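> the sequence and its predicted three-dimensional model are supplied below.
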Amino acid sequence: MIPVFDTSCPVAGRSGEPVGAKLAAGTRPRIAIFSLTGCEGCSLAILELENELLDVLGAVDIVNFREGMSERDWNIDIGFVDGAVSTPHDEAQLRRLRECCKTLVAIGSCACLGGVNTLKNAQPQNEYRGYVYGEAARHFPTADARPLSAFVPIDHELPGCPLVREEFLRFVKCLLGGRPFRLPSYPVCVECKRRGNLCSYERGQICLGPLTRGGCDAICPSYGRACDGCRGVVSNEALKAFGRNMRTQYDVSLSDVLERLRLFGAFQESALP
Amino acid sequence: MLDGIISHQELLRRIDALRVERRLIGPVARVEPECMPPVRYFYQPVERADELALDFTYCVQSPKAVLLPPAEPLLRFDRESGKFRAGPVIDHTPTALIGVHPCDVHAIELLDAVFSNGNADGHYLARRRSLFIVAVDCPEPCTEGVFCRDMETHETDRGFDVILYRLDADRRYGVVFASDAGRAWLNPSLSSGGMRTPNSDDERTFIRYRQNKERAFEPRLPMPRRELPEMMARSYDSLLWEATAQRCYSCGSCNLACPTCYCFDIRDENELNGGGCRLREWDACMARDFALVAGGHNFRAKPGQRLRHRLYRKAAWIEAQTGLHGCVGCARCDRACTAKISIVEMLGQLAEEVQHAGTRP
Amino acid sequence: MRARDPETRRPADTTDFPYSIYLPEAARVLNVNPMTELDSLFELELESGRALGHAPGQFVQVSVFGFGECPISISSSPTRGPRFELSIRRVGEVTNALHRLRSGDSVGIRGPLGHGFDVRELHGHDMLVIAGGCALAPARSLIQYVLDERQRFGSFHVLYGARSPNELLFRDELARWGQRDDVHCHVIVDHADESWRGRAGVVTKLFDELPELDRERTMVAVIGPPIMFRFVMLEVLALGIPQNHVYCSIERRMKCGIGKCGHCQANDVYVCMEGPVFKYGRLKALREAIE
């Protein structure tokens, strides 16, 4: 039997509080976007909100955003952070952000789950340090990659590789409209069926859609690619059922299942808070 | 009794004529090299009749989405300083749905009943009233695993405007009308070579067609449909619900693929300017939070309870409420379930349990 | 094959459709009175001036556009004129938004919905109302009705239990009812504090306050959380009251409120249509209703 951990976005939508509850009434939210270890693709994805970006910018003050501006300001209402904590420097920066930001939001699979960074956790540290940093390796201290919630309390998580732009927008609308924000509690299959897709399993693919949190509008299956679970496991029950079904219905071994889930850190024991 | 005989060419011509006033939706073949057989059919909007695959086996998704879209705005609203303005969004785009198998015709009949009974739902009815339905009969089961014969939905004589019977290999169709609109569309008196009134040879062919069809469909359930409610009534406390549900993801794929599942959620979608839409979206009684109330109590918290609820609806409750089929035997749920939980298998297992339990408790 | 039916069974052309059954009508918030930390009493009036026309036990769907819609039982009696009251607990997105409203703001109202108490069937009877927790909100509609139409009823008993003194709803009214001699109102809390002068324990303890009831003349209404039903029903049945004299009101997730969306089902029953008030005899056949 699979050892089961609830690795699925542990803070996702747990509080029913409006997103902007900590804002002073009538003020424009002061927003910042930061990156730890990762490709910063999630920050870029926000810039790609081409149709809505100007409306968003009209309603908030962006005070700190490396991908988009040069000024810096540390009086922050909402801080969005992409990337995993992968070095002592990341950790120190994250702790500082927790202090500067009234509300801290993890964006993307790396920040929420550890993401692809966690692949290194299975390898000996001196090996990967060697081939990542070469001869200068000793100047670059590093550690296992972990999600933000392993270090500091996180208020909201917007998982996905990259983050889902529409979901980010929905979050911002909740923020501006004084509404609580929750991630979907259903798996990818729901949106996949609503889109009328042919099930990946009919193509003989092993898709992680049934146990992965929805909200991405099933983008990968819609383009013929099986889900790889970048939004994390939706529930322990689904994870258990998946292990059972793979073994009994598909003759797929436990280790193969876990291997698939490890890609984005959706199943990563060391990533647990 | 047939109302007419039409050639394939003439049929396509008449469908193209429909296109003038209606959008066309029907089965379209898509090559899927990794599937066996390597083709799948989907209901899609088309511009021309020859894009349609009228000899389709089954469509992956039912035509439910044409009448009850996966997401549709019910209301549009604007808000300003504590006040609101709201108005309905009604869609009555004239549409022709070409190529509906009898099982799905039965399913549409159920949706009609649900959305017109008691509190009429204008959003559904506006769309339904704008819909012209051309059914296509199945001479044989469309694929393995269907149990429409058991549910008595492998044939139909109502709920459509026109039904077509493919009488022979050179794609000659027998035609039966069920509405004036259908009759007006294919009126045999406007015969143009391809459409004519049936003769006695045609009627004999039709009788043979029906005899062959009777032989082609075999029962798959161990009991007739009318005995299902009784069997279900004696299965409420079966261990099978919990046991089978251990494999269930609570993903709702069975519900969403089902042509007779109509449950929905309503939520508000906001725009940045304060306006927005009140949306209706397909929901699934197998989803974990379906019966969750605001206070935090979940009235069907366990997957086994949800599985039982779904099967009771399909095999007993919907029919008790509406007098219509709660399940049409299309087996889309079985195909959609990646955990390979099968409604046919479950009904068989329950029947076996009840049999072993002997006579009535 | 079945005999041919010439009718297509297409739904009849009954209405024209600039109309949506999901479109609420506007109601003005007249007053908001906090009752507990989480509950406030909202006094509302339809902007059309129309009376709601409800029966005790019915509910409305309340909209705050942008947040959504939620089912709220009506707390006031139809005998109190066109204004109506809703006791709203701040537990979800919509109810939180409702709590931020001020008098003069508008909400959307659909209803009255569902099946309430058939008051004509209650006329001429003794009444026993048992409520638990925030279910005093729907019970109050019935209690007010009985008080307003007092001459139509015999003896009148109200038993109410809440978790703690500061979770009691309608405290002023409870005090007033306690002083009247035409209603016997008893209140109990699970967890007493130093301010509490009354009894402590579960609501079933209050049954020892009841005089001997006329079994044939007494009608009973039980309204409360799922956990309460079983224990209260044991007491009620032990009194020897016929099952068809017992009404229960149950909670479910009403979403559409018109018997379509499926969320409120208890077994084969749409609670929003057949309920939320049921005769006990009907309810006990619904395995999911009382567990």
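The structure has been received and is ready for your questions.

> please count neighbours and contacts with C-alpha atoms only from this point.
Noted.

> so what are the domain limits for the chain?
In the absence of a named chain, this looks at chain A. With domains defined by automatic domain parsing, chain A comprises A:30-177, A:188-271.

> looking at chain C here, not the other one
Listed domain ranges for chain C are C:25-113, C:119-249 (source: automatic domain parsing).

> number of nearby residues for residue C:189?
24 (other C-alpha atoms under 10 Å in any protein chain shown).

> that one pairs with what?
residue C:162, residue C:200 (DSSP bridges).

> how about residue 76, nearest residue that isn't a chain neighbour?
Assuming you mean chain A. Spatial nearest neighbour of residue A:76, chain neighbours left out: residue A:101 (4.9 Å); criterion: C-alpha to C-alpha, 6 or more residues apart in numbering or on different chains.

> try again with chain C
Leaving aside its chain neighbours, residue C:76 sits nearest to residue C:141 (4.3 Å; criterion: C-alpha to C-alpha, 6+ apart).

> over to residue A:128?
residue A:120 (7.1 Å).

> contacts only, for the one you found.
If you count contacts by C-alpha atoms under 8 Å, 6 or more residues apart in numbering or on different chains, residue A:120 has them with A:128, A:144-145.

> next one: it relative to residue A:46, how far apart?
Using C-alpha to C-alpha, to the nearest Å, residue A:120 is found at 27 Å from residue A:46.

> for burial, what's the neighbour tally of the residue of the stretch 51-200 of chain C at minimum distance from chain B?
Of all residues in the stretch 51-200 of chain C, residue C:105 sits closest to chain B, at 4.6 Å by C-alpha to the nearest C-alpha. Residue C:105 sits with 18 neighbouring residues when counted by other C-alpha under 10 Å.

> doesn't residue C:26 make contact with it?
No. Shown here, residue C:105 and residue C:26 do not form a contact pair, counting by C-alpha atoms under 8 Å, at 9.8 Å.

> from residue B:343, how far out is residue B:153?
Here residue B:153 is placed at a distance of 16 Å from residue B:343 (C-alpha to C-alpha).

> on the three-state scheme, residue B:13 is what?
Secondary structure state of residue B:13, per DSSP: H, G, I helix; E, B strand; the rest coil, is helix.

> residue contacts, residue C:190?
By C-alpha under 8 Å, 6+ apart, the contact list for residue C:190 reads C:161-164, C:200-202.

> of the residues you listed, which is the most crowded?
Highest neighbour count within the contacts of residue C:190: residue C:161, with 30 neighbours (other C-alpha under 10 Å).

> you'd agree that residue is up against residue C:187?
Yes. Residue C:161 lies in contact with residue C:187 (C-alpha under 8 Å); the separation is 5.8 Å.

> strands of the stretch 151-291 of chain C, start to end?
For the stretch 151-291 of chain C, applying DSSP state E, counting those that start in this stretch gives strands covering C:156-162, C:184-189, C:199-200, C:218-223, C:246-249, C:265-266, C:269-270, C:277-279.

> pipe these into JSON lines and attach mean pLDDT per row.
Compiled in JSON lines, the strands of the stretch 151-291 of chain C are given as follows (pLDDT from 0 to 100):
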{"stretch": "strand C:156-162", "mean pLDDT": "96"}
{"stretch": "strand C:184-189", "mean pLDDT": "95"}
{"stretch": "strand C:199-200", "mean pLDDT": "94"}
{"stretch": "strand C:218-223", "mean pLDDT": "95"}
{"stretch": "strand C:246-249", "mean pLDDT": "94"}
{"stretch": "strand C:265-266", "mean pLDDT": "90"}
{"stretch": "strand C:269-270", "mean pLDDT": "92"}
{"stretch": "strand C:277-279", "mean pLDDT": "94"}
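
> who wins for proximity to residue B:91 among those strands?
Nearest to residue B:91 among those is strand C:269-270; the distance by C-alpha to C-alpha comes to 27.4 Å.

> contact partners of the closest one?
With C-alpha under 8 Å, 6+ apart, strand C:269-270 has contacts from C:259, C:262, C:264.

> just give me the closest of the residues you listed to residue A:194.
If you rank those by distance to residue A:194 using C-alpha to C-alpha, residue C:262 comes first, at 18.0 Å.

> neighbours around the closest one, how many?
Neighbours of residue C:262 using other C-alpha under 10 Å come to 28.

> and it, how far from residue C:70?
Relative to residue C:70, and taking C-alpha to C-alpha, residue C:262 is found at 15 Å.

> flag the shaky bits of the stretch 201-350 of chain B, pLDDT-wise.
Counting by pLDDT under 70, the stretch 201-350 of chain B contains no low-confidence range.

> going along the chain, name the helices of it.
Under the criterion DSSP state H, counting those that start in this stretch, the stretch 201-350 of chain B contains helices at B:228-233, B:240-245, B:253-257, B:303-312, B:318-322, B:332-336, B:343-356.

> deepest-packed of these, please.
helix B:253-257 (a mean of 28; mean count of other C-alpha atoms under 10 Å in any protein chain shown).

> is chain C within reach of it?
No. If you take C-alpha under 8 Å from any C-alpha of the partner chain as the test, helix B:253-257 misses chain C, and the best it gets is 12.0 Å.

> mind giving me the packing neighbours of that helix?
Applying 3 or more C-alpha pairs under 8 Å, 6 or more residues apart in numbering or on different chains; DSSP states H and E, we find helix B:253-257 packed against helix A:188-194, helix B:332-336.

> which of the ones you listed sits closest to chain C?
Closest to chain C of the helices and strands packed on helix B:253-257 is helix A:188-194 (C-alpha to the nearest C-alpha; 16.6 Å).

> same for the closest one, what does it pack against?
Counting contacts by 3+ C-alpha pairs under 8 Å, 6+ apart, helix A:188-194 is packed against helix B:253-257.

> and the helix it packs on, how far from the chain's centre?
12 Å (C-alpha atoms, centre = their mean, to the nearest Å).

> now do the contacts for the residue in the stretch 51-200 of chain A that chain B sits nearest to.
Taking C-alpha to the nearest C-alpha, chain B has its nearest neighbour within the stretch 51-200 of chain A at residue A:194, 5.3 Å off. If you count contacts by C-alpha under 8 Å, 6+ apart, residue A:194 has them with B:70-71, B:256, B:282.

> let's see 10 Å
The contact partners of residue A:194, taken as C-alpha atoms under 10 Å, 6 or more residues apart in numbering or on different chains, are A:217-218, B:61, B:65, B:69-71, B:253, B:256-257, B:281-283.

> just the buried residues from those, in ChimeraX please.
With 16 or more other C-alpha atoms under 10 Å in any protein chain shown as the criterion, this ChimeraX line picks the buried residues out of the contacts of residue A:194:
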select /A:217,218 /B:61,65,70,71,253,256,257,281,282,283
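
> chain C: which of the contacts of residue A:194 is nearest?
Each of these was scored against chain C by C-alpha to the nearest C-alpha, and residue B:283 proved nearest at 8.4 Å.

> the closest one against residue B:291, yeah?
No. In this structure, residue B:283 is not within contact of residue B:291 by C-alpha atoms under 10 Å, at 11.1 Å.

> got any residues that touch both of those two?
What both residue B:283 and residue B:291 touch, as defined by C-alpha under 10 Å, 6+ apart, is the set C:262-263.
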